[in-house]
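> coords below, sequence missing:
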């Protein structure tokens, strides 16, 4: 049975979907985050309520500003906990998909195909929203999806430069305006070579 569907999903719904799917897919992270925030609020409330007593006891021992230092220490512990929860979430995400696959990039008259064994993206030229340079490659994006083409994928600097010029030339005016400041040095280098 063949089926073709046409539909539209508003951006606001996609934002809500991202939140609700995240809660459903990673419920442990969600509960740990809320628990961590509750512990922070409880610790700060305790320190605030008993700050005078803590400072009095610490002054007897010759430690100034003890309550304030404890508040800062609790804040630092909170930040470390958030970073650990983020690292845990990334590890869970890596268990859901294989990110270590060979990527094939195909360019045609209509756009770029980015293909792995598991998935294929087709970025039409008018759908590209930005082009950036990273220290190790070229990034093309559609909205919040970013695709890195490593410099090592090109046979040499000339091929890399030709790719940048070709893609930049196919970008829409708004995408070109956003990308120009990131590509200025490479495009200027190309103009110098052409005039020499």
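Perfect, thanks for sending it. What you are looking at is a predicted structure, and each value in this text was computed from that prediction instead of being measured.
> list the buried residues for the helix or strand hosting residue 40?
Element membership for residue 40, per DSSP states H and E: helix 27-49. For helix 27-49, a neighbour-count test (16 or more other CB atoms under 10 Å) marks 29-30, 32-33, 36, 40, 43, 47 as buried. Where C-beta positions appear, they are placed from N, C-alpha and C, glycine not excepted.
> kindly report the same for stretch 112-119.
Neighbour counts over stretch 112-119 (16+ other CB under 10 Å) mark 112, 114-115 as buried.
> got a list of contacts for it?
97-98, 101-107, 120-123, 128, 140, 147, 167 (CB atoms under 8 Å, 6 or more residues apart in numbering).
> which of the buried residues of stretch 112-119 lies closest to residue 15?
Comparing the buried residues of stretch 112-119 against residue 15 with CB to CB places residue 114 closest, at 24.2 Å.
> and that closest one, bridged to which residues?
Legend: beta-bridge partners of residue 114 under DSSP bridges are residue 105, residue 121.
> break this protein down into its domains, please.
Per automatic domain parsing, the structural domains of the chain span 11-96, 104-195.
> and the first one, how far out from the chain middle?
Pointing back at domain 11-96 there. Here domain 11-96 shows a centroid-to-chain-centroid distance of 22 Å under the convention CA atoms, centre = their mean, to the nearest Å.
> and the least confident helix or strand in the chain by mean pLDDT with helix 27-49, angle?
Least confident element among the helices and strands of the chain, by mean pLDDT, DSSP states H and E: helix 11-25 (a mean of 74). For helix 11-25 against helix 27-49, the angle by axes from the mean of the first three to the mean of the last three CA atoms, to 10 degrees is 90 degrees.
> just the helices in the chain please.
Along the chain, counting by DSSP state H, helices occupy 11-25, 27-49, 51-60, 66-96, 157-170, 173-195.
> contacts for the last one?
Contacting residues not belonging to helix 173-195 are listed as 128-133, 161, 164-165, 168, 171 [CB under 8 Å, 6+ apart].
> and the residues you listed, which are buried?
Buried, going by 16+ other CB under 10 Å: 128-133, 161, 164, 168, 171, out of the contacts of helix 173-195.
> for residue 73, state which of the residues you listed is nearest.
Closest to residue 73, out of all of the buried ones among the contacts of helix 173-195 and judged by CB to CB, is residue 132, at 38.8 Å.
> pLDDT wise, what is residue 72 at?
Looking at residue 72, its pLDDT is 88.
> any idea how far it is from residue 89?
As for residue 72, its distance to residue 89 is 26 Å (criterion: CB to CB, to the nearest Å).
> and these two? Which one has more around it.
Remark: of residue 72 and residue 89, residue 89 carries more neighbours, 18 against 11, as counted by other CB atoms under 10 Å.
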